[in-house]
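>>> I'll drop the sequence and a predicted model, then ask my questions.
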Amino acid sequence: MSGSRSVEDEMLRIWETARSEWHHPQLPRPVISTDGSGIFPFDNYRISVREEDLRDPLYLESLFEHLILHYILCPRSLEVAGELALSALKGIKRNDTNFARTIVNIFSDIVIDSFRLERSEYDEQKVILLWRRIAESAESDLDMAVLSFIEKYWSADICGAAETEETRILLQIFAPGVREKSLWRRQCQQMAMVLSPLAPGSLGKEEVRSLEILRGNARSAPLAGLASELEPEEYIRCLDVLGIRGDLKRWYRDQGYRIEIVASRSSRSDTYPTGTSRWRFDDPPSELDVNYSLSMSPRLVPGVTTYRRDRESCGMTPGRSDVPDLLVVLDSSRSMDGHRRGSRTFYATLAAFKAAQFAYEQGAEIAAINFSERFLVQPWCRDLDAVEDVLIEYLCGRTNIPGSRILELVKERKGCLILCITDTGIQNLYTQWDYLKEASSLGRFVLFCIDEKGRDRYVLEALGSLGRVYYINTPEDLISLVVETTEDAYGDAPV
């Protein structure tokens, strides 16, 4: 028992030495792996090492510094790892997420150890020791090409790998160095193009390392920048490279982080007594404190024995407001064009997601209706996932609004906010008119009509009597209008 304790103490001592070299980053302590699997395995979001790695303290220190640099330099964050994954996928020009993951890991290894190599001769010694140990398990053409490049790039003796055409091209790619982060995406893509014909081996087989993955919150960490650049299919493939399950819901959610909704709350003010002063003839009679004055003197002599209470005002935090529940009615008919960037469905669904998320944060209950020829309904609830599951569906039929079902939900929550997003081609408007009219009288009805160019004058006159109606020429305007409406609805609403 004491022997295992001393081994663990020695490992922690080396770990603290490695941390001190990089300004003591806040990372979990490593543990000794029991199954001996992998070079950089993970156990319960903690760094783990094999027992045989403990036999060489210098190698272990180099290994720890190598891991630390992944978490503080490259890729560091899940966002940067996603950008490198996208570059790798573009470079290999095929849907092979495992190979793309290998490229991302090899690229980040080269970046961080090139950075370490430049610090001092002692750091160079540790880096070369680490890569000599890694070279012992090299088993493929890709491994040998990378090791050959590293030997030439660092002018180091690692394994004596023969120079190849890939080596010469990689030297040109990394000629500008690795310190300029703006070049990383291009360098990673070009590296992937060069290595894509080669079969992978032992290098880069581990999972992508980032702080979010290490801490166990990668599934909830937003990737707003990446999601805003990609189509849903590309975004899901990028997340697959990172070992994270992606779907349409996450694609919309992550983009929603760039949209801000602020519910204004005006502060209240109140007054409180601070002391007493003389009451004089020119003061309002209502300010005379008779009881206090008589307690000071049995006779009231104005300006002599008469007193009043002084008061001061102060600001107070906003009072609790009535939070209206939210009903989202979303059109997913064929004319909305489906889930792709820039379509009506894209802007409508993104706006609906953001409004539902904000209402949920304010404590409101939410219901949702997704309609086309048929419709899906999520009754009133506090389950945001269930609401989003309904909103994400694309039914792709004709536009038949379920007015009777809308009325049923509104009757359950009178005074609720009703956000209806559709185009102007509602084919059953007149058969459902009475239901919609009654629903608008029971709640706050706001209608967003996309495609103003295709509107019908008689339809517009009828819709105008329901409540607030926005006619939208460009779908990009939809999000800002939904944000403005939501801010108004969840702004000042006194109890």
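Thanks, I have the structure now.

>>> Return the set of buried residues in stretch 430-448.
Within stretch 430-448, the residues that qualify as buried are 432-433, 435-436, 439-440, 442-448, counting by 16 or more other Cβ atoms under 10 Å. Any C-beta I mention is one placed from the backbone N, CA and C, and that applies to glycine too.

>>> Which neighbouring elements make contact with the longest helix seen in the chain?
Counting residues, the longest helix found in the chain (DSSP state H) is helix 97-117. Helix 97-117 sits against helix 57-72, helix 78-92, helix 121-135, helix 141-154, helix 184-195, helix 232-241, with contacts defined as 3 or more Cβ pairs under 8 Å, 6 or more residues apart in numbering; DSSP states H and E.

>>> the inter-axis angle of it versus helix 78-92?
Our comparison of helix 97-117 with helix 78-92, counting by axes from the mean of the first three to the mean of the last three Cα atoms, to 10 degrees, yields an angle of 120 degrees.

>>> Pull the distance from helix 97-117 to the chain's centre.
Put simply, helix 97-117 sits 25 Å off its chain's centre (Cα atoms, centre = their mean, to the nearest Å).

>>> tilt between that helix and helix 121-135?
Using the same axes, to 10 degrees, helix 97-117 lies at 150 degrees relative to helix 121-135.

>>> tilt between helix 97-117 and helix 57-72?
Using the same axes, to 10 degrees, the inter-axis angle of helix 97-117 relative to helix 57-72 is 110 degrees.

>>> Compute the inter-axis angle for helix 97-117 and helix 184-195.
Going by the same axes, to 10 degrees, helix 97-117 makes 120 degrees with helix 184-195.

>>> can you start the count at 9 instead of 1 from here on
In the new numbering, first residue 9, that becomes helix 105-125.

>>> okay, the angle between helix 105-125 and helix 240-249?
60 degrees.

>>> Could you list the buried residues of helix 105-125?
105, 107-125.

>>> swap in stretch 389-409?
Neighbour count says stretch 389-409 has 392, 395, 396, 398, 399, 400, 401, 402, 403, 407, 408, 409 buried, by 16+ other Cβ under 10 Å.

>>> Okay, domains of this structure per the record?
What automatic domain parsing lists as the domains of the chain is 10-80, 86-264, 276-324, 334-497.

>>> What segments of the stretch 359-503 of the chain are strands?
374-379, 383-389, 425-431, 452-458, 476-480 (DSSP state E, counting those that start in this stretch).

>>> Please convert the ones you listed to CSV, extending it with distance to residue 198 and mean pLDDT.
Putting the strands of the stretch 359-503 of the chain into CSV (distance: least, Cβ to Cβ, whole Å; pLDDT from 0 to 100) gives the following:
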stretch, distance to residue 198, mean pLDDT
strand 374-379, 44, 97
strand 383-389, 46, 97
strand 425-431, 43, 93
strand 452-458, 42, 91
strand 476-480, 43, 88
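
>>> want to throw these into CSV with distance to residue 175?
Formatted as CSV, those follow (distance: least, Cβ to Cβ, whole Å):
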stretch, distance to residue 175
strand 374-379, 55
strand 383-389, 57
strand 425-431, 56
strand 452-458, 55
strand 476-480, 56
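
>>> Between those strands, which one is closest to residue 294.
Between residue 294 and the strands of the stretch 359-503 of the chain, the shortest gap by Cβ to Cβ is with strand 452-458, which sits at 41.2 Å.

>>> hmm, who's touching the closest one?
Applying Cβ atoms under 8 Å, 6 or more residues apart in numbering, the contact partners of strand 452-458 are 332, 344, 352, 355-356, 359, 423-432, 444, 447, 463, 471, 474-480, 483, 486, 489-490, 493, 497.

>>> From the residues you listed, list just the buried residues.
Buried among the contacts of strand 452-458 by 16+ other Cβ under 10 Å: 332, 344, 352, 355-356, 359, 424-432, 444, 447, 471, 474-475, 478-480, 483, 486, 489-490, 493, 497.

>>> Minimum distance to residue 77: which of the strands of the stretch 359-503 of the chain has it?
Comparison of the strands of the stretch 359-503 of the chain against residue 77 by Cβ to Cβ identifies strand 374-379 as nearest, at 44.3 Å.

>>> can you give me the angle the closest one makes with strand 425-431?
Going by the same axes, to 10 degrees, strand 374-379 makes 20 degrees with strand 425-431.

>>> Pull the distance from strand 374-379 to the chain's centre.
24 Å.

>>> Which elements pack onto it?
Looks like strand 374-379 contacts strand 334-339, helix 352-369, strand 383-389, helix 392-399, helix 411-420 (3+ Cβ pairs under 8 Å, 6+ apart).

>>> Would you mind writing the CA trace of stretch 216-236 as PDB?
C-alpha atoms of stretch 216-236 as PDB (Å, rounded to 0.1, in the frame of the first residue of the first chain):
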ATOM      1  CA  VAL A 216      -9.600  15.300 -29.700                       C
ATOM      2  CA  ARG A 217      -8.400  17.100 -26.500                       C
ATOM      3  CA  SER A 218     -10.100  20.300 -25.400                       C
ATOM      4  CA  LEU A 219     -11.000  21.800 -22.100                       C
ATOM      5  CA  GLU A 220     -14.700  21.300 -22.600                       C
ATOM      6  CA  ILE A 221     -14.200  17.600 -23.300                       C
ATOM      7  CA  LEU A 222     -11.900  17.100 -20.400                       C
ATOM      8  CA  ARG A 223     -14.300  18.800 -18.000                       C
ATOM      9  CA  GLY A 224     -17.300  16.800 -19.300                       C
ATOM     10  CA  ASN A 225     -19.400  19.600 -20.600                       C
ATOM     11  CA  ALA A 226     -18.700  19.300 -24.300                       C
ATOM     12  CA  ARG A 227     -22.300  18.200 -25.000                       C
ATOM     13  CA  SER A 228     -23.700  21.500 -23.800                       C
ATOM     14  CA  ALA A 229     -20.900  23.900 -24.800                       C
ATOM     15  CA  PRO A 230     -22.100  26.200 -27.600                       C
ATOM     16  CA  LEU A 231     -20.400  26.300 -30.900                       C
ATOM     17  CA  ALA A 232     -22.100  29.400 -32.300                       C
ATOM     18  CA  GLY A 233     -19.300  30.400 -34.600                       C
ATOM     19  CA  LEU A 234     -19.000  27.000 -36.200                       C
ATOM     20  CA  ALA A 235     -22.800  26.500 -36.500                       C
ATOM     21  CA  SER A 236     -23.300  29.800 -38.100                       C
END
